[in-house]
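# Structure here, sequence nowhere to be found:
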């Protein structure tokens, strides 16, 4: 698809902080993170909605694998998953680690974006990549 920022990330046309990649899926840090380690998992094949992913079970298994690595890397017990998909027309699932006092309360507040320097984002991405088994 043309004009899809996620397809451009997958194709290496735009920079990203990649944490995982295989034949079917690509995971990277959100550049407007709700918390340190906020990761997006997308299918490499362009589909509009998560419900359009051909093998949805495989997609969720991959999200689980990445979420468990994220949980260990970021040293938290609470990781939230959210599939919204309104802002970018490419299926995506957000995995957001939660921390005591992170300012979100019981639900994620989309306005509570954290500013994280690029060098720290790179270090976080590397740490998560190493923790994914």
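Great, that's in hand. Predicted, not measured: the structure shown is a model, and the values here were computed from it. Residues are numbered from 1 along each chain as shown.
# Return the distance of residue 19 relative to residue 77.
As judged by CB to CB, to the nearest Å, residue 19 and residue 77 stand 19 Å apart. Heads up, the C-betas are built off the backbone N, CA and C, glycines and all.
# quick one, which of these two is more surrounded?
residue 19 (27 against 7; other CB atoms under 10 Å).
# Make sure the more buried one is indeed in a strand.
Yes. Counting by DSSP: H, G, I helix; E, B strand; the rest coil, residue 19 is part of a strand.
# my read: residue 91 touches residue 53, true?
Yes. Residue 91 lies in contact with residue 53 (CB atoms under 8 Å); the separation is 5.6 Å.
# Could you measure from the closest residue to residue 120 other than its chain neighbours over to residue 86?
What sits nearest to residue 120 in space, not counting adjacent residues and going by CB to CB, 6 or more residues apart in numbering, is residue 36, at 7.8 Å. Separation of residue 36 from residue 86 (CB to CB): 24 Å.
# next one: residue 108
Separation of residue 108 from residue 86 (CB to CB) stands at 14 Å.
# Looking at the two, which is more packed in?
Counted by other CB under 10 Å, residue 108 and residue 86 do not tie: residue 108 has more neighbours, with 18 against 5.
# ok so the more buried one is a strand residue?
No. Checked against three-state DSSP, residue 108 lies outside a strand; its state is coil.
# Return the residues in contact with it.
34, 80, 82, 96 (CB atoms under 8 Å, 6 or more residues apart in numbering).
# Now the residues you listed in JSON lines, please, with extra columns for distance to residue 7.
Below are those laid out as JSON lines (distance: CB to CB, whole Å):
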{"residue": "34", "distance to residue 7": "23"}
{"residue": "80", "distance to residue 7": "26"}
{"residue": "82", "distance to residue 7": "21"}
{"residue": "96", "distance to residue 7": "23"}
